[in-house]
Each structure stands twice: as structure tokens, then as C-alpha cells.
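Novice: curious how this folds, go ahead:
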Amino acid sequence: MELELRHLRTIRTIADAGSLTRAATVLGLAQPALSAQLRRIERALGGVLFERGRYGVRATALGELVLERTRVVLPAVSELQREAARFARARRDTERLRIGGIHGPLLGALVAGIADTLPDATVTTCASWSERELAQQLAEGRLDFALAGTCGSAAPPGAEHLVWREIAVDPVRVMLAEGHPLAGRPEIGLDALADQEWACVPGDGCFADCFTAACARAGFTPRRMYETDTASCVHLVRVGRAVGLCRASFPPTPGIAVRPLTGTPLVWRHLLGWHPGAQRPDAAAAVLDRARSAHAALVRAVAPPSITPGQGVD
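Specialist: Predicted coordinates:
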């Protein structure tokens, strides 16, 4: 019998499970079938790999040697599979781009900008609430680029395997109903919102923790938080049920006033990510430049005349 990768995975599973019974459950096999497979593997390797005892199994010296090799071989094969998938899916020669992003107008603006400069390109998009999901899709080659963000200098998802570059940094602002008692102020202190209820979109990044920490510094704990989609957040703000937070690219919306927060207690860093093994440096630089131009255009479009885009207006 020739040793195969599946045999190494079986050995690894037995060692991790600590018993043949538990390993059989993990592998979806009957224990007698797993025991027979282990005996065939041991014959192929020339010795016993595990000693059975009252409380499970323990690797022999030969077993330890084989397990040490599995710690190198199995991750290497998995990475090879991921690299091959990224290469097969890249299809750069067809000018096909797959772009992911968290919900917001920047994704649409980037797609529009690419369409202007590369009219023959085929662009598909994937919107997600989860920045970790977007990072995973980049790592697996299912996306070419992803728009995400962090609070301040927080590390982006998958930073150890992916390239992330800054597009822009926006101060976070507050959205209120036009008739809200605070809507007439030119800027609003976060502490003035201590008795408000809040509306926000879901996500798995650091923003919720950063917001809670900013409120704590302002001397209060946020009251009820409505976590829902963007359109519902806007509705809750418009009808006066809650106040919300937004970034510089938030477009003018009837019935809603957007005001700066005094002292800029929260900022949002827009990022563009890609896998270095799947993108040419010149192609990545071109998309990053287009993303920065798209963000700047959005800010100019929503900025009131008295405030310049460099101030990061929401």
C-alpha cells in the first residue's frame, strides 16, 4: 500500500482525538474500519504508530516521527491547494475583476470608476457584513480585491497573509432626524447623546468596541442598540427612534441631519486588500488609485460648501 495524504490526515486525527473511538467519530467511520485502516498504514510504515492504553492512545517513537512530518506536509499541501485555486481563478487575461466590500457607497463608486477606465472589463461584486469573510475570500482566491475598514490603527483581517493599503481616513459623524433638538448645532459632543438610542449595521470588526470605549470616555454606556441593515438604520433615524453614525461618503438624505462629533472621538480608515500572490503590483496600484479617486469624489459630492473634502465630511 502506498502512503497517501488521507493516511497522514488519519494519523493526525487519531493523535488529536486521543482515542480511536473519538477519531472514528470525527472521520465518520466505524471504529473497526478505522482500526483496520490504521493497521494497513502501520504495515506500510514498518512499525506501530500508537500504543493503546486504558485512557486512549499514545504515539510511539515512530508515531512521533510521522506526526512531526505531518505538521509540515499537511499545511504545505493545503497552502499549495489555495495557491492553485487563486492562480486558476485569477483570469487576469480576461480583465475580469471580482471585488468585495462592506456595505456602503464606496463599493459602487469604485465599480463605476473601473467601468470608466476599463470599459471592456467584467466586474462582479460581493457585499458582506463580515470583514473576516471578505479576507477569507481573498485568501482563497474567490475575490481579487476587497474594501474593508478599521477604527484608527487597528489591524485589518488576515493582515499576516494579505496586503492592505489605506484609501482614506474619515471622521465618524452622527446622524439625527432633522427635527431633533440637537440637529441645529454645528457639532455635537458625544456626551450630549448619552440618553439616545442607537442604530447601526452589523459587523465583526472592531467598530462596536471602539464606539463603546468612546462612550465610556464620554461618561456613559450606550442605551438600546438597533442592529440592522442600512436602509432600516436610516429609517429609524429619520423617524426619531434612534441616532446613528456614518462616514464621509454618506449621501445627503431627506429628513436627516449629519453633524460632526466634537473632538472626533471616532475615525474610520478605509482599506483596499488583495492577496500578493494573485495580483500584479501594477494592477493592484491601479485599483488602489481608482479607489482613492472614488472616495475623494464621494466626499466632494456630499461636502457642504463651507467644508473642504480634506476635512473628511460625512
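Novice: how about the strands in the chain?
Specialist: 50-53, 56-59, 96-101, 122-127, 145-151, 163-171, 173-177, 198-200, 225-227, 243-246, 256-260, 267-274 (DSSP state E).
Novice: in JSON lines: those, plus distance to Ala192 and mean pLDDT.
Specialist: Quick note: C-beta positions are derived from backbone N, CA and C, even for glycine. Shown next, in JSON lines, are the strands of the chain (distance: least, C-beta to C-beta, whole Å; pLDDT from 0 to 100):
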{"stretch": "strand 50-53", "distance to Ala192": "66", "mean pLDDT": "90"}
{"stretch": "strand 56-59", "distance to Ala192": "61", "mean pLDDT": "91"}
{"stretch": "strand 96-101", "distance to Ala192": "32", "mean pLDDT": "90"}
{"stretch": "strand 122-127", "distance to Ala192": "33", "mean pLDDT": "90"}
{"stretch": "strand 145-151", "distance to Ala192": "21", "mean pLDDT": "92"}
{"stretch": "strand 163-171", "distance to Ala192": "17", "mean pLDDT": "94"}
{"stretch": "strand 173-177", "distance to Ala192": "10", "mean pLDDT": "96"}
{"stretch": "strand 198-200", "distance to Ala192": "14", "mean pLDDT": "93"}
{"stretch": "strand 225-227", "distance to Ala192": "18", "mean pLDDT": "91"}
{"stretch": "strand 243-246", "distance to Ala192": "10", "mean pLDDT": "94"}
{"stretch": "strand 256-260", "distance to Ala192": "10", "mean pLDDT": "94"}
{"stretch": "strand 267-274", "distance to Ala192": "19", "mean pLDDT": "94"}
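Novice: can you say which of those strands is packed in most?
Specialist: strand 145-151 (a mean of 25; mean count of other C-beta atoms under 10 Å).
Novice: now the angle from that one to strand 163-171?
Specialist: 50 degrees (axes from the mean of the first three to the mean of the last three C-alpha atoms, to 10 degrees).
Novice: give the other helices and strands that strand 145-151 contacts.
Specialist: For strand 145-151, the elements it packs on are strand 96-101, helix 105-117, helix 131-139, strand 267-274, helix 281-302, judged by 3 or more C-beta pairs under 8 Å, 6 or more residues apart in numbering; DSSP states H and E.
Novice: out of these, which is closest to Leu190?
Specialist: Leu190 lies closest to strand 267-274 among the helices and strands packed on strand 145-151, at 13.3 Å (C-beta to C-beta).
Novice: pairing partners for that closest one, with directions?
Specialist: Counting by DSSP bridges, the strands paired with strand 267-274 are strand 145-151 (antiparallel), strand 163-171 (antiparallel).
Novice: now render those as TSV, adding distance to Gly219.
Specialist: What follows is the strands paired with strand 267-274, written out as TSV (distance: least, C-beta to C-beta, whole Å):
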stretch	distance to Gly219
strand 145-151	20
strand 163-171	21
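Novice: just to revisit the earlier point, can you redo the strands of the chain as JSON lines with distance to Arg12?
Specialist: Shown next, in JSON lines, are the strands of the chain (distance: least, C-beta to C-beta, whole Å):
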{"stretch": "strand 50-53", "distance to Arg12": "12"}
{"stretch": "strand 56-59", "distance to Arg12": "11"}
{"stretch": "strand 96-101", "distance to Arg12": "32"}
{"stretch": "strand 122-127", "distance to Arg12": "33"}
{"stretch": "strand 145-151", "distance to Arg12": "32"}
{"stretch": "strand 163-171", "distance to Arg12": "31"}
{"stretch": "strand 173-177", "distance to Arg12": "51"}
{"stretch": "strand 198-200", "distance to Arg12": "42"}
{"stretch": "strand 225-227", "distance to Arg12": "39"}
{"stretch": "strand 243-246", "distance to Arg12": "46"}
{"stretch": "strand 256-260", "distance to Arg12": "54"}
{"stretch": "strand 267-274", "distance to Arg12": "31"}
